[in-house]
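Asks: Build me a model:
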Amino acid sequence: MALFLSLLALAAMLATGFVLIRGLVNMAGTTTTELEGDDQGPSERAKRSNKLMQQRIIFQAGAILLLALLLLIAQAGK
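Replies: Numbers count the residues shown, from 1 in each chain. Sure, this is the predicted structure:
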C-alpha cells in the first residue's frame, strides 16, 4: 500500500512540475498588447494561464495529501 501511495505521490509531483513549466512557457509568450488588454475581456492566453494555475493547485494539493497520508502510515507502523 505504501509503495502504491508513493508512486501516486511521485506522479502528482511530476504532474505539478509539468503543469508549472507549461504555465511559465505560456506566460513567457505574453505580448504587450495582451497585457494592456482591450474591451473584449481577457485574452485566450490569460484564460489558458488561469486554467493551468488551477490544474497546478489541484495536483499540488493532491501531492501534499498523499505525502501526509504516507507520513501517517509510516508513523502508525512504528
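Asks: and the gap between M13 and S6?
Replies: 11 Å (Cβ to Cβ, to the nearest Å). For every residue, glycine as well, the C-beta is placed using N, CA and C.
Asks: between these two, which one's more packed in?
Replies: M13 (17 against 13; other Cβ atoms under 10 Å).
Asks: need the contact list for that one.
Replies: A63 (Cβ atoms under 8 Å, 6 or more residues apart in numbering).
Asks: Sort out which residues of the helix or strand where it lies are buried, please.
Replies: In this structure, M13 sits in helix 2-28 according to DSSP states H and E. Buried positions in helix 2-28, judged by neighbour count with 16 or more other Cβ atoms under 10 Å: L8, A9, A12, M13, A15, T16, V19, L20, G23, N26.
Asks: Could you pull up the mean pLDDT of that helix?
Replies: The average pLDDT within helix 2-28 is 95.
Asks: Go ahead and produce PDB holding the CA coordinates of the helix or strand just after it.
Replies: As assigned by DSSP H and E, the chain's next helix or strand after helix 2-28 is helix 32-36. The C-alpha coordinates for helix 32-36 follow below in PDB (Å, rounded to 0.1, in the frame of the first residue of the first chain):
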ATOM      1  CA  THR A  32       2.400  43.800 -24.700                       C
ATOM      2  CA  THR A  33      -0.900  44.000 -26.400                       C
ATOM      3  CA  GLU A  34      -2.300  41.100 -24.300                       C
ATOM      4  CA  LEU A  35      -1.000  42.800 -21.100                       C
ATOM      5  CA  GLU A  36      -2.600  46.100 -21.900                       C
END
